[in-house]
Structures are given as C-alpha cells and as structure tokens.
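Participant: Build me a model from this:
(one chain, ligands or ions: 1)
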Amino acid sequence: MEVGILGGGQLGRMLALAGYPLGVRCTVYDPAPDACAGQVAPHMRAPFDDADALARFAQDTQVITYEFENVPVETARRLEAQVPVRPTPRALELFQDRLLEKQFLQQVGIPTPAFAPIDLENPADALEQVGCPCVVKTRRGGYDGKGQAVAHTLDEYLKAVARWGGMPLIVEAFVPFERELSAIGVRGRNGEMHAYPLVQNHHHEGILRLSLAPAPDSNTLLPTAQEYLKRLMDALQYVGVLALELFQVGDQLLANEVAPRVHNSGHWTIEGAHTSQFENHLRAILDLPLGSTAPRGVSAMVNLIGDIPPIAPILRIEGAHLHLYGKTPRAGRKVGHITLCADDYKSLKRALARMISRASLSLPEWVSF
Ligand code: AMP
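Facilitator: Got it, this is the predicted structure:
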C-alpha cells in the first residue's frame, strides 16, 4: 500500500511512522530540502506547481493525502485527475480561507463567533456587524496565531486593517471563552464515523502548549461536538481525520477553525488512545476498517517549542513518551512533544508538575485542571 503525502512536516512524519506497522509505505512531497518527514520516508523535493514531478509522484501511489491545509488547491486537483486525493480537495479550498470556512460552518448549522468580510474601501462597515472587541484575521495563510490582531476600539481596528496592506481580511467578534476544546473525528469511505473524546487546549502567544484528553468535565458537550463533526464530514463526503477547534462559552460550543487533517491536539492519541489519529487517517484513506477512538486512561500532551530540553530527566518520568521531530531548534518552532499518560487526573497532574520542574519546561502558571 503506497500513500503520497503532500507536505513533509512533523504531521507527515508521524503519518509515515504510523504506516510502517501496517505495511503502508508513505512518500512525502515537499519543496523544502530539510522537510523533517524526509528523515523517515522517501522525500520528493519539488515545487507544488511542478506538473512533471506531481505526475511522477501520483504514478507510484495508491492514494494521496495532505498534512497541511495550505497546499495549493490546484495541486490537489491536478493530482486528483490521476489518483484519489483524500480528504477531498474541496476541504482544502474551504478551510484554507477563513471566510469560506466560516460561511460553510454556518451553512451546515454549526455556530461560530459573529464574523464579516472586511471591505477595504469601507472597513468600518464590517466592524458595525461584529462590534468591539474583535479579532482581525487574514483570510489566508494564518497559523499559530499569526496573521491576526485583537482590537478594542475603532482606531485599533483600523490600524490592524492597515497593517496587512490590502490582503483579504475578515473580522470576528472576540469570544470571552471559558476554554478551548477540539473535536477530532475520522470518517471512512462508507460514511462510518468515530470521534475521539474532546480535548482541552491551552495556547500561549497563539501556539498550542498543552492538550488534556479527555477534556475534564466534557461528557455533556461531547454529543454536540460529535453532531458538528458529523454535519461537517457528511456534507463533504469527507474521508480521513478532521479536527474542529471550538470555544466553550457556558454550555455552548462555537466553532473557531477546521483543520482537514491530523492535528496537533490529537498527538496524545499515539499512546493515549486505542488507535492513533495517524493510523486512523491512513486506515480511512486506504478504505480499511477504522480503529477504536476510545482513550486509554488520561493524557497530557506538551509541545516542545523553540528548543529541546535535556531528554534524560523526561525519560525518567513514568508514563512520559517523548517525540522529537528532527528539526533544527528555532524560536517559536515546534520541535517535538511529550505525552504523559496516567490512570486518572490526580496522577496525571502530579506527573505533569514533576515533568515541568525536572525538564524546566516553561508552561505558564495558568495550567491547572
Ligand atoms: P486561530 O489561528 O484562529 O486558531 O487563533 C489562534 C488563537 O487565537 C485561538 O486558539 C484563540 O486562543 C485566539 N482566538 C482566535 N479567534 C478568537 C476569537 N474570535 N475570540 C477570542 N480568541 C480568539
């Protein structure tokens, strides 16, 4: 079984690693010479608009998938003429543009924060629709909190709009959420769908730092989240893993973002669930039976950002699983993660505190559960 993966970052790397025990051989396609998935799988290095290279890539694969949503849609569509691309390129088209994404969410009946496209000739109009405070976001290309700014006044809003000099923008109401959650689901070609438990996510400076799974006290929210996943995936005849980022406000869930791929907040599933998100993604796109998404105990996933701490103290902690991505450390860069698994939250919390101090991880004070 041969799978082609567009993009060769850590998600591609973990997909390729999940393929080995199943006899699935992955090849990654990425223009970057140092794409870290290239350390564990054959790497085709060519631009995303190189028709000849894409044709060769497709020739040797049974199915093509992608590991980041900024792959050009034309690339996916070109490949689709030769070999199945799963999830559908339509998902790329929708979810790489924050406006199309929010409109689609609305269309399938999933609540979102109030939003409006910004008319650069008359930016104040959009603000009138959502009010202040608000968040100005570029429609495309934003990730890890990049390409967005919070504004509390009309003046701040106009400055934020001017900052991106003519790029297509959207403005959203600022949501005073209680916490951020993500819902991760997998859908097979026959429409069978499974969801992982909800995950509680903590961001700092726009980057995910910590995920807890299952999210504490989230059982009552799970049916709603599952229904949202189902609506999204059924509407697209989606095949593969999809992540829906949510804001919790009281007992309401508002959709922030959709990732048509495996997701950082699902890394805990490698050790903390019966079947990892990576394996389930491969099973889905290869039309194999899906695996159980049930958790095994409770897990905490901590991202390693910017640099790699000494590994020995981490490895000494019972239940700690270290994953390094083979990337050169650089400020703000995700270079690895650690998943801690335990039987219950009490032991997990103890182990997490021990790990934070032993490994000198800089998790902010607010981490409490
Ligand atoms: P995003 O790139 O849209 O996922 O945003 C990154 C982070 O910014 C989110 O995880 C939230 O912490 C915060 N954020 C984004 N949009 C909003 C919003 N409308 N209201 C409040 N916080 C937001």
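
Participant: where do the helices sit along the stretch 101-250 of the chain?
Facilitator: 123-130, 154-163, 222-236 (DSSP state H, counting those that start in this stretch).

Participant: Around the ligand, which positions in the stretch 251-369 of the chain sit nearby?
Facilitator: For the stretch 251-369 of the chain, the contact set with the ligand under C-beta under 6 Å from any ligand atom comprises 256, 257. The C-beta positions use only the backbone N, C-alpha and C, and glycine is treated the same way.

Participant: and with 5 Å instead?
Facilitator: Contact residues (C-beta under 5 Å from any ligand atom) of the stretch 251-369 of the chain with the ligand: residue 257.

Participant: Right, and the ligand sits closest to which residue of the stretch 251-369 of the chain?
Facilitator: Of all residues in the stretch 251-369 of the chain, residue 257 sits closest to the ligand, at 4.6 Å by C-beta to the nearest ligand atom.

Participant: which outside residues touch stretch 245-254?
Facilitator: Stretch 245-254 has contacts (C-beta atoms under 8 Å, 6 or more residues apart in numbering) with 111-113, 175-183, 201, 220-221, 224-225, 228, 255-259, 265.

Participant: So which of the residues you listed belong to strands?
Facilitator: Of the contacts of stretch 245-254, the ones assigned to strands by DSSP state E are 179, 180, 181, 182, 183, 201, 255, 256, 257, 258, 259.

Participant: Where neighbours are concerned, which of those has the most?
Facilitator: residue 183 (29 neighbours; other C-beta atoms under 10 Å).

Participant: Check the gap between that residue and the ligand for me.
Facilitator: According to C-beta to the nearest ligand atom, to the nearest Å, residue 183 stands 14 Å off from the ligand.

Participant: Excluding residues flanking it in the chain, which one is nearest residue 138?
Facilitator: Residue nearest to residue 138 in three dimensions, not counting chain neighbours: residue 147, with 3.8 Å by C-beta to C-beta, 6 or more residues apart in numbering.

Participant: OK, contacts around the one you found?
Facilitator: Neighbour list for residue 147: 137, 138, 141, 164 [criterion: C-beta under 8 Å, 6+ apart].

Participant: Backbone torsions only: list them for it.
Facilitator: Main-chain dihedrals, residue 147, degrees, to the nearest 10: phi 70, psi 30.

Participant: need the residues of the stretch 51-200 of the chain near the ligand, please.
Facilitator: 113, 135, 145, 172, 174, 175.

Participant: Please name the nearest non-neighbouring residue to the most centrally placed residue in the chain.
Facilitator: In the chain, the residue lying closest to the centroid (C-alpha atoms, centre = their mean) is residue 263, at 3.1 Å. In this structure, residue 263 finds its nearest non-sequential neighbour in residue 243, 3.5 Å apart by C-beta to C-beta, 6+ apart.

Participant: what does residue 107 give?
Facilitator: Nearest to residue 107 is residue 235, by C-beta to C-beta, 6+ apart, at 7.9 Å.

Participant: Closest one to residue 292 out of the ones in strands among the contacts of stretch 245-254, please.
Facilitator: Proximity of these to residue 292 (C-beta to C-beta) peaks at residue 183, which lies at 16.8 Å.
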